[in-house]
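Colleague: Model the following, please.
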Amino acid sequence: MSFSLIHTDTKTKARAGILKTAHGDIQTPIFMPVGTAGTVKGVHRNFLSDKDINPDIILGNTYHLYLRPGTDTLQEAGGLHKFSSWDKPILTDSGGYQVYSLSGKRKIKEEGVVFKSHIDGSKHQFTPENVMDVQRKIGADIIMAFDECTPYPCEKDYALKSMKMTHRWLDRCFSQFINTKGLYGYDQILAPIIQGSVYDDLRVKSAEYVCSHESDVYAIGGLSVGEPHEDMYRITDLVTDILPKQKARYLMGVGTPENILECIERGVDMFDCVMPTRNGRNGNIFTTEGTINLKNKKWERDFSPIDPLLTTDYTRAYAKHMFKANEMLGPILASIQNLRFYIWLVRSAREAILRGDFHEWKVQTLNKVNRRL
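Modeller: Numbers count the residues shown, from 1 in each chain. Okay, here's the model as predicted:
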């Protein structure tokens, strides 16, 4: 496991790199489709292997996989790669964000978090130690440290208290990780997470603290939780100035196409978000010409391709008909288009970085893709 910085844009902090893992190389900047429960929702693996998608890495989620199908099943299968028939890299979120989103169903203590399953109400506990053990059994290439994701808005006193606890949990995560071994014959990497809400001084302290732990991937957490985009960009810019240049930077849970390009410009390498598939299931698609709401009547007789650059095998009229007829194919087609778009976006960003004209390309691209068609 290693990260190599290939090129940095001369006018911005945008970077192109390669993160090497046991299951393949990841070319950055990268967008990682979210496969919460062991699949990218509604998208067959054969579609993921499509030449216009074919992501270098996908995500799984520790909280959801722990509850169902359970770690015993995953370990018996030989890990998530074999269980899901996916032979490329996987990253697993530690469950910290899901614990945050449960609010009324969990209790946070120094030891860890006690929570109730959203499935059947059964009681469980996550600690830094057992979350490392669970992710060992899942078998992801990159596993995330257990942290508390603070809400927005958040009082500074609480953000400080939470950040310090996240740092103590990080120490326990690394201790458990170092004292255990992977179960499937390949290396895993533990990525620490920076917290501190929207407070610059806390973010600086957290970034400096996580950098005291050796890793090839450092994550920025606790953003994209409702704060203004300006705060997200300011914090990202601040933190990437502190993180090691020769290590990968992962901005968790982000985001819109504009968020991604703005944060690439600020030195981020890795992104994930449920937006492509969630928006797709609701008939909202991203194209290289602008955004489309397939539920609008205007598309009923539009026989042009869904996206002339990326999806030419189906028309907008047909995709709209699928939604109107409540056919499963409608959300599937929209999800595939959105994944194609997101992967196209970051791959084109990488090409622009290598050419040396990223900022100009970003401005032109956002002028197109942000339009409502």
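Colleague: ok, residue 208 touching residue 243?
Modeller: No. Contact status for residue 208 versus residue 243: not in contact, 9.8 Å apart, counting by C-beta atoms under 8 Å. Heads up, the C-betas are built off the backbone N, CA and C, glycines and all.
Colleague: neighbour-wise, which of the two wins?
Modeller: residue 243 (20 against 12; other C-beta atoms under 10 Å).
Colleague: Just give the nearest non-adjacent residue to the more buried one, would you?
Modeller: The shortest distance from residue 243 to any residue other than its chain neighbours is 5.1 Å, reached at residue 218 (C-beta to C-beta, 6 or more residues apart in numbering).
Colleague: repeat for residue 54
Modeller: Per C-beta to C-beta, 6+ apart, closest to residue 54 is residue 48, 6.9 Å.
Colleague: OK, contacts around that neighbour?
Modeller: Applying C-beta atoms under 8 Å, 6 or more residues apart in numbering to residue 48 gives the contacts 33, 40, 54-55, 58, 339.
Colleague: With just CA atoms, put the helix or strand bottoming out on mean pLDDT in the chain into PDB.
Modeller: Here the helix or strand of the chain ranked lowest by mean pLDDT, DSSP states H and E is helix 96-102, holding a mean of 75. The C-alpha trace of helix 96-102 is given here as PDB (Å, rounded to 0.1, in the frame of the first residue of the first chain):
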ATOM      1  CA  GLY A  96     -19.200   6.900  12.900                       C
ATOM      2  CA  TYR A  97     -21.500   8.800  10.500                       C
ATOM      3  CA  GLN A  98     -24.300   6.300  10.900                       C
ATOM      4  CA  VAL A  99     -24.000   6.500  14.600                       C
ATOM      5  CA  TYR A 100     -24.300  10.300  14.300                       C
ATOM      6  CA  SER A 101     -27.400  10.000  12.100                       C
ATOM      7  CA  LEU A 102     -29.100   7.700  14.600                       C
END
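Colleague: For it, could you pull out the residues that count as buried?
Modeller: 96-100, 102 (16 or more other C-beta atoms under 10 Å).
Colleague: ok, back up a step: list the contacts for the residue nearest to residue 243?
Modeller: Contacts of residue 218 by C-beta under 8 Å, 6+ apart are 191-192, 194, 210-211, 243-244, 247-250.
Colleague: got the buried residues for the strand or helix carrying it?
Modeller: Residue 218 belongs to strand 217-220 when assigned by DSSP states H and E. Using 16+ other C-beta under 10 Å as the burial criterion, the residues of strand 217-220 that qualify are 217-220.
Colleague: ok now whichever helix in the chain runs longest, how far from the chain's centre?
Modeller: Taking DSSP state H as the assignment, the helix of the chain that covers the most residues is helix 329-355. Put simply, helix 329-355 sits 14 Å off its chain's centre (C-alpha atoms, centre = their mean, to the nearest Å).
Colleague: Likewise for stretch 17-25?
Modeller: 16 Å.
Colleague: Keeping just the C-alphas, turn it into CSV.
Modeller: Provided in CSV are the C-alpha atoms of stretch 17-25 (Å, rounded to 0.1, in the frame of the first residue of the first chain):
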residue,chain,number,x,y,z
GLY,A,17,-1.7,10.6,-8.0
ILE,A,18,-1.8,6.8,-7.7
LEU,A,19,-2.8,4.9,-4.6
LYS,A,20,-1.6,1.3,-4.8
THR,A,21,-3.5,-1.4,-3.0
ALA,A,22,-3.5,-5.2,-3.0
HIS,A,23,-6.6,-5.2,-5.2
GLY,A,24,-5.3,-2.7,-7.8
ASP,A,25,-4.2,0.9,-8.3
